[in-house]
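Colleague: sequence unknown, structure follows:
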Ligand SMILES: [Zn+2]
């Protein structure tokens, strides 16, 4: 499978075979990501970090991935202090930067920005989130976490929290539908997953059910994927507190959980998961954050042609 | 109001007649074709003309034979339109419009946060799909779908 010079814009462009190949590659990268092995696979290569909105975690994860593979990182710094303030288009910025580097990681507040960048870039563009659009490396690291900590085939997963605005859960569901997952959706009625997405995912082969209680759903799932509910989504703070307390995981919530249950969360969390859970074998969210590194290493190695 | 009969008499010698346009959409058709600005010939429009199957609009363009790509865009707002190419007062070609699978620079995205609505040097792009008789346009940049009132979003 050849990913050389490919852009990574959306997981919807990826077939199951492509995703499996990325995850296999990530697995080979893990000892290097942990610092147990040294690598100079990307020695001499430079990655541009082009972030038009801050996301420290994603940025650090990409930087770590590049550095662990012996490559270098060129951080374009705070964009609002530079060209964008002078009114330069993204297209022009990309055309300039692609002359300096071997690949570009882009984060941008506008939807479709990554696709636009790929149209103007001679080097591979990796989308690190564009507006409410796509964030493929997050989806791939979620899939990788599930594969490493649970199982992707025949997966039973419950998604809880803000399913309406949470783009990470939308693209995760699209990807999981390639694996025929059984998906249970748990959310307050204000934040239910948009119907067209539910229909799309079902049409692609996932089995979808809706539930309104985590306690009920939890007995039957391998993975519980929590997302944060933002206070701003609720006009009435009392309404928010009611909902937030209902969708909060405590030791009590896990009473009926299977011992193998894994809890995931894209982080940062506020109080959706009680810190008591952190020390149980269910907690998977910090590992999940780490898994972003081997996954991004795999992607960088593949698009730069250092790995086939 | 101009009387329909006055217009109907005016047959054209050479050019294109777009017939069976969904009633009320003739001006949108002109917009898609960039008319009358880009036309050397004369354009005439019949609105709410009485056809065999109810009301329809008709557009006649003199001295210009429309290209397939131009014509197919019309299908987005007038899926029943027919295109008649006229030479020397005779219809030498008559065909229905086909809904294109992709359109560029015709419609603007409805998502205000879409990169295609900013100051970038790109044109809007949409994948076109049809479900029953409904046309759906999916923005290639942000993925947002336009399924209603497409004519309102013409650029
Ligand atoms: Zn758009």
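Modeller: Now that the structure is in, tell me what you want to look at. Since this is a predicted model, take the numbers as computed values, not measurements. Numbering: from 1, shown residues only, chains lettered A, B, ... in the order given.

Colleague: Quick check: the residue of chain A nearest chain B.
Modeller: Using CB to the nearest CB, the closest approach of chain A to chain B is made by residue A:112 at 2.7 Å. C-betas here are computed from N, CA, C, even on glycine.

Colleague: which residue packs closest to whatever residue of chain A ends up closest to the ion, ignoring adjacent ones?
Modeller: For chain A, the residue closest to the ion is residue A:112, as judged by CB to the ion, at 5.6 Å. In space, not counting the residues next to it along the chain, residue A:112 is nearest to residue B:141; the distance is 2.7 Å by CB to CB, 6 or more residues apart in numbering or on different chains.

Colleague: Point out the residues in chain B that sit beside chain A.
Modeller: B:111, B:113-116, B:118-122, B:139-145 (CB under 8 Å from any CB of the partner chain).

Colleague: what do you get if the cut-off is 7 Å, keeping everything else the same?
Modeller: B:111, B:113-116, B:118-122, B:140-143 (CB under 7 Å from any CB of the partner chain).

Colleague: on that earlier part again, who touches the residue nearest to residue A:112 in this structure?
Modeller: By CB atoms under 7 Å, 6 or more residues apart in numbering or on different chains, the residues touching residue B:141 are A:111, A:112, A:115, A:116, B:109, B:114, B:115, B:116.

Colleague: Out of these, list just those in helices.
Modeller: Among these, the members found in helices (DSSP state H) are A:115, A:116.

Colleague: circling back: looks like the residue of chain A closest to chain B contacts residue A:130 (just checking).
Modeller: Yes: between residue A:112 and residue A:130 there is a contact at 6.4 Å, judged by CB atoms under 7 Å.

Colleague: Show me where chain B has its strands.
Modeller: With strands called from DSSP state E, chain B shows them at B:15-22, B:43-51, B:54-62, B:82-87, B:90-96, B:102-104, B:125-131, B:134-139, B:145-146.

Colleague: Now do whatever residue of chain B ends up closest to chain A against residue A:145, distance only.
Modeller: Here chain B gets closest to chain A at one residue, residue B:141, 2.7 Å apart by CB to the nearest CB. The gap separating residue B:141 from residue A:145 is 29 Å, by CB to CB, to the nearest Å.

Colleague: got it, and residue A:226?
Modeller: Residue A:226 is 13 Å from residue A:145, by CB to CB.

Colleague: Ok, residue A:88 next?
Modeller: Computed as CB to CB, the residue A:88 to residue A:145 distance reads 38 Å.

Colleague: so what's the residue in chain B sticking out farthest from the centre up against?
Modeller: In chain B, the residue that sits farthest from the middle, by CA atoms, centre = their mean, is residue B:113; the gap is 27.3 Å. Residue B:113 makes contacts with A:110, A:111, A:131, as judged by CB under 7 Å, 6+ apart.

Colleague: What of residue A:125?
Modeller: Each residue near residue A:125 by CB under 7 Å, 6+ apart is listed here: A:7, A:104, A:106, A:114, A:117, A:118.

Colleague: Can you get me a residue count around the first one?
Modeller: I take that to be residue A:7. By other CB atoms under 10 Å in any protein chain shown, 22 other residues sit near residue A:7.
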